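Chemist: Structure of the sequence below:
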Amino acid sequence: MLVGTCILFLSQRYLVVVYYFPQRAAQPRFVEWAQNEIAIVPDVHKRILFSDEAHFCLNGYVNKQNCRIWSEANPQVYVETPLHPEKLTVWYALWAGGIIGPYFFKNDEGHNVTVNGDRYRAMVTNFFIPELNNYDVQELWFQQDGAICHTARATIDLLKDTFGGHLISRFGPVNWPPRSCDLTPLDYFLWDYVKSLVYADKPQTLDHLEDNIRRVIADIRPQMLEKVIENWTSRLDYIRASRGRHMPEILFKM
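Modeler: Numbering: from 1, shown residues only. This next block holds a predicted model:
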């Protein structure tokens, strides 16, 4: 059984978070499923919409929701982040055919807010599903992680109505293994790539930061996304061979 520990404590200005998770057990089962699907439909991995959200702070910090430290012993590593930074909460869906988004979570007054279950379901209803009108949904799969804001019963029902059996999620037809940042292109590629560019001119306002994010995403070329998704199949091979151990290049990656 996978057991995890998250320790939170406060300093005068920072929230300090310590993560520890031992070796994962669910990943090999998912990898076996994915490779079996690829054996039947060789380009099925190119039809998966991988999705997630992240906080982009004005101070240059990006909080990736799946970010973890992998170790079989408590590594005694901690990360300091400001308690109340000005930030944007941004959602994307990425696949070999392009990127859907960005979607910025805002309230009715247009103020930036963080994501919760109601806001996430509103995004799916009012933004994501209408965007899918440009695609053949029957050919696509949709992946999301098991965050509570993603997996309310009403949200899962809505996604099942849209994707049928092509839903990869906790409580979905295909279970997404928890804490699998090495299998999510947004974590192993997109967030770091966007961060490397959007802060180059040191934006001083959230509007400036939002404009930078939109511009960087619009400039990502299809050829780059194809390479990112092909890398996903290599990761499946590694995880199967290593029986679910972490990938070395993401050890302590923040």
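Chemist: And the helices in the protein?
Modeler: Assigned by DSSP state H, the chain shows helices spanning 26-40, 117-123, 129-131, 153-163, 185, 191-198, 206-218, 222-242.
Chemist: average pLDDT for the fourth one?
Modeler: To tie it back to what came earlier, the one meant is helix 153-163. Averaging pLDDT along helix 153-163 gives 97.
Chemist: residues of that helix that come out buried?
Modeler: Under the neighbour-count criterion of 16 or more other CB atoms under 10 Å, helix 153-163 has 155-156, 158-160, 162-163 buried. Yep, even glycine has a C-beta here, placed from its N, CA and C like the rest.
Chemist: tell me how far it is from the chain's mean position?
Modeler: Distance of helix 153-163 from the chain centroid (CA atoms, centre = their mean, to the nearest Å) equals 19 Å.
Chemist: which helices and strands does it pack with?
Modeler: helix 117-123, strand 141-143, strand 167-168 (3 or more CB pairs under 8 Å, 6 or more residues apart in numbering; DSSP states H and E).
Chemist: Between the ones you listed, which one is closest to Tyr188.
Modeler: strand 141-143 (13.6 Å; CB to CB).
Chemist: What lies in contact with the closest one?
Modeler: 44, 47-51, 93, 159, 162-163, 166-169, 176, 184 (CB atoms under 8 Å, 6 or more residues apart in numbering).
Chemist: Sheet partners, orientation included, of it?
Modeler: Using DSSP bridges, the strands paired with strand 141-143 are strand 48-57 (parallel), strand 167-168 (parallel).
Chemist: starting at the chain centroid, how far to the first one?
Modeler: The reference is to strand 48-57. 4 Å.
Chemist: What residues of it count as buried?
Modeler: Those would be 48-57, for strand 48-57 by 16+ other CB under 10 Å.
Chemist: same deal with stretch 135-152?
Modeler: Buried residues in stretch 135-152 (16+ other CB under 10 Å): 137, 140-147, 149-152.
Chemist: what's the lowest-pLDDT member of these?
Modeler: Scoring the buried residues of stretch 135-152 by pLDDT puts Val137 last, at 87.
Chemist: Any idea what the residue most central in space within the chain is bridged to?
Modeler: The centre of the chain sits closest to Asp52, judged by CA atoms, centre = their mean, with a distance of 3.3 Å. Taking DSSP bridges as the rule, Asp52 bridges to Tyr92.
Chemist: And for the one 4 residues further on?
Modeler: Under the criterion DSSP bridges, Phe56 forms beta bridges with Val62, Leu88.
Chemist: quick one: contacts for it?
Modeler: Contacts of Phe56 (CB under 8 Å, 6+ apart): 62, 87-88, 90, 194-195, 198, 209, 213.
Chemist: Any chance of a PyMOL selection covering the buried ones in those residues?
Modeler: The PyMOL selection below is limited to those of these classed as buried (16+ other CB under 10 Å):
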select buried, resi 62+87+88+90+194+195+198+209+213
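Chemist: Of the contacts of Phe56, just say which sits nearest to Leu236.
Modeler: Val194 (24.4 Å).
Chemist: which residues sit in contact with the residue nearest to the closest one when sequence neighbours are not counted?
Modeler: Once flanking residues are discounted, Val194 sits nearest to Val216: 5.3 Å by CB to CB, 6 or more residues apart in numbering. Listed by CB under 8 Å, 6+ apart, the contact set of Val216 reads 193-194, 197-198.
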